[in-house]
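**Student:** Coordinates only, no sequence provided:
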């Protein structure tokens, strides 16, 4: 079978959905970053501390720190120092931009996964 013929077998709806991925931020497409955005989107303005994120998502310190900083640099997360039980902690929340990007990604992923069903 030649190459052109093989591409004829790919359903148009899958190709259309893949084409739509161009509007998404490729820097967000890592499992850790998706977990962070998904978790913080559910928590809303209450956010989560570094410790809570590390424990809940079972992510090592280095990986968590690096990915939180990337998302902050992109403007998707905000952080502030808080004091809890006499200890200074870093609290992370999702920004409106981060929530918008998460919603775009979530919608695209749902369409992509449904298409493969």
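**Tutor:** Cool, the structure landed. Quick caveat: nothing in here was measured; it's all calculated off a predicted structure. Residues are numbered from 1 along each chain as shown.

**Student:** Verify the contact between residue 49 and residue 85 for me.
**Tutor:** No: here residue 49 does not reach residue 85: they are 11.2 Å apart, not a contact under Cβ atoms under 8 Å. For the C-beta atoms, the positions are set from N, CA and C on the backbone; glycine is no exception.

**Student:** the more surrounded of those two?
**Tutor:** Per other Cβ atoms under 10 Å, whichever of residue 49 and residue 85 has more neighbours is residue 49, with 16 against 5.

**Student:** Report the beta-bridge partner residues of the more buried one.
**Tutor:** Beta-bridge partners recorded for residue 49 (DSSP bridges): residue 91.

**Student:** what about the longest helix in this structure?
**Tutor:** helix 96-115 (DSSP state H).

**Student:** State the helix or strand in which the residue nearest to the spatial centre of the chain lies.
**Tutor:** By Cα atoms, centre = their mean, the chain has its centre lying nearest to residue 34, at 2.5 Å. Assigned by DSSP states H and E, residue 34 belongs to helix 31-43.

**Student:** Check which residues of that helix are buried.
**Tutor:** 32-37, 39-40 (16 or more other Cβ atoms under 10 Å).

**Student:** packing partners for it?
**Tutor:** Counting contacts by 3 or more Cβ pairs under 8 Å, 6 or more residues apart in numbering; DSSP states H and E, helix 31-43 is packed against helix 50-57, helix 61-73, strand 87-94, helix 96-115.

**Student:** Would you verify that residue 79 is located in a helix?
**Tutor:** No: read with DSSP: H, G, I helix; E, B strand; the rest coil, residue 79 is strand and lies in no helix.

**Student:** Tell me if I'm right that it and residue 65 touch.
**Tutor:** No: if you go by Cβ under 8 Å, residue 79 and residue 65 don't touch, sitting 11.3 Å apart.

**Student:** Quote the end-to-end distance of stretch 70-86.
**Tutor:** End-to-end distance for stretch 70-86, by Cα to Cα, to the nearest Å: 28 Å.

**Student:** Brilliant, that's me finished.
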